[in-house]
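Undergrad: have a look at this prediction, sequence included:
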Amino acid sequence: MSGKNKKSFSVRKLIYNDKYLIAFSVVLAVVIWVATSVNLSPETTKKITVPVTVDFSGTIANQLGIQYYDDNNITVEVTISCKKYLIKDITADDINATLQTNTVTSTGYLSVPISVSAADDAEFTIKSYYPTSAQGYFDVAQEVTLPVELNFTNDSFAADGYVVGNTALSQTSVVVEGPSAYVSSVNKVVADITLESNLTESQVIEIEPVALDEHGNRVDYVTIRLNEGENTITATVPILKVQNLAPSVDFVSGPESAVNTFNVEYSVNSIEVGALESAALNELKLGSISFYDLKPGVNTFEFDTGSINGVTVLDGISSVTVTVTVPDSYRIKTVTVSAGSIDPESEEYNISVTSLSSGRITVVAPEDVIDSINSSALTFSLTPVSGDSITETTKQCRLSANISGFDNCWVTGTYTANVNVTKK
């Protein structure tokens, strides 16, 4: 009799059940509302600022080398129309704005159309946009390298007793690049420098070079390119202390003890210079004199003061004559040597001397020992004529000779040796 207790499903009862009827009505209302909102939602508009792409790829302008030289940050204000429920999700990424560079076929200041379109599968339409074109300068690219000139805006900035030395730049020239018509009007590149007064120490500052025309006006559209990896140019302005220094020279490639026997005279007793105070100079080094250039008697050497590093000559002395007198007690002797007698030492290479520029080496020595000097007293060393060190490609070397076992003696003259170098 269990079958009598089963309850059968009845649509009639479901319809006339208030709870079920209310729930069904709510669900049906929501479905109808959503469908109506999607299909019958009112259209609305929105304004979006979109950047304009400037691309010359595949255009005649690109083949002609024409480029755009105005502000590349072009934007357009685009008005779109779409369903209201979609409006908040549409951004500038959904819109393509492009400068129609395919219309550029000549140089000059041109107005070029802007093309605006919706991205693929867009659910909106573009109603309008502004501006519809962009004006700018188009020209063939050109570049030129020019030195950087300095313009000190104040003439006197060193303290009393100090002078300004030659300013050193981290980069002495720059590349000016831009449209051909404007680059060709560039006359020079100048950087202004303004310093405080009464300076006693050197100054290091960053400078900004600008391109100027022949009238001193700044040239538009051009840019200045620095060396790769550099963002700025640094100027070092030396502030030098005024000093009076006695000239001097160094003697090299010979016995220091022999210098005490020489009579060394200078054409001037002192030179007024500007030098860094930190250098603490007590004499002015003109350069060096090699014993290879000294013979008995009077030897004269000329030194250019303009080539002395670290100082600025202030009194107009452009050169100094140095006279070195080697006493008459010194004599000259010629010693014969052969290429085979020279055996250079090297841990890395086998070096053989194949020939000499001269087989006669000139020796300078006091008269009481000169007869005792022969080829066995000479020791030789080689340095390559080109390059820093001897390699398998070295073919010629300078031949340096020293005298062993004798004081105040040296070799004079210049000698070379042809060599054959192989790896050990």
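TA: Ah, there it is. Residues are numbered from 1 along each chain as shown.

Undergrad: now do the helices in the stretch 1-150 of the chain.
TA: Using DSSP state H, counting those that start in this stretch, the helices of the stretch 1-150 of the chain run over 11-15, 18-40, 60-64.

Undergrad: lowest average pLDDT across those helices?
TA: Mean pLDDT is lowest for helix 11-15 out of the helices of the stretch 1-150 of the chain, coming in at a mean of 54.

Undergrad: neighbouring strands - and their directions - for whichever strand or helix holds residue 249?
TA: Assigned by DSSP states H and E, residue 249 belongs to strand 247-252. Take DSSP bridges as the rule and strand 247-252 pairs in its sheet with strand 284-290 (parallel).

Undergrad: buried sites along the partner strand?
TA: 284, 285, 286, 287, 289 (16 or more other Cβ atoms under 10 Å). The C-beta positions use only the backbone N, C-alpha and C, and glycine is treated the same way.

Undergrad: show residues contacting it.
TA: 245-254, 271, 273, 299, 301, 303, 305, 307-308, 311, 320, 322, 324 (Cβ atoms under 8 Å, 6 or more residues apart in numbering).

Undergrad: show the buried residues in the residues you listed.
TA: So, of those, 245, 247, 249, 251, 253-254, 271, 273, 299, 301, 303, 305, 308, 311, 320, 322, 324 end up buried under the neighbour-count rule (16+ other Cβ under 10 Å).

Undergrad: the spatially closest residue to residue 401 that is not a sequence neighbour: which element?
TA: With sequence-adjacent residues excluded and distances taken as Cβ to Cβ, 6 or more residues apart in numbering, residue 401 is closest to residue 411, at 4.3 Å. Per DSSP H and E: residue 411 is located in strand 410-412.

Undergrad: who touches residue 227 in this structure?
TA: Residue 227 neighbours (Cβ under 8 Å, 6+ apart): residue 171.

Undergrad: and it, how far from residue 141?
TA: Distance of residue 227 to residue 141, computed by Cβ to Cβ, to the nearest Å: 19 Å.

Undergrad: quote the end-to-end distance of stretch 68-82.
TA: Using Cα to Cα, to the nearest Å, the end-to-end distance of stretch 68-82 comes out at 35 Å.

Undergrad: and that stretch, what's buried?
TA: 68, 69, 74, 76, 78, 80, 82.

Undergrad: tell me which residues in stretch 97-104 are buried?
TA: For stretch 97-104, by 16+ other Cβ under 10 Å, it's 97, 99, 101, 102, 104.

Undergrad: closest to residue 221 out of the residues you listed?
TA: The nearest member of the buried residues of stretch 97-104 to residue 221, counting by Cβ to Cβ, is residue 104 at 16.1 Å.

Undergrad: how about the nearest residue to that closest one, chain neighbours excluded?
TA: For residue 104, the closest residue by Cβ to Cβ, 6+ apart turns out to be residue 61, at 4.2 Å.

Undergrad: isn't that neighbour up against residue 105?
TA: Yes. With contacts counted by Cβ atoms under 8 Å, residue 61 reaches residue 105, the gap being 6.9 Å.

Undergrad: sorry, back to before: and the contacts of the strand holding residue 249?
TA: 259, 264, 266, 268, 270-271, 283-291, 301, 303, 320, 322.

Undergrad: try 6 Å this time
TA: Outside strand 247-252, the residues that touch it by Cβ atoms under 6 Å, 6 or more residues apart in numbering are 259, 266, 283, 284, 285, 286, 288, 289, 290, 320, 322.

Undergrad: adding pLDDT, write the residues you listed out as CSV.
TA: Output for the contacts of strand 247-252, formatted as CSV (pLDDT from 0 to 100):
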residue, pLDDT
259, 94
266, 97
283, 94
284, 95
285, 95
286, 96
288, 96
289, 97
290, 95
320, 97
322, 98
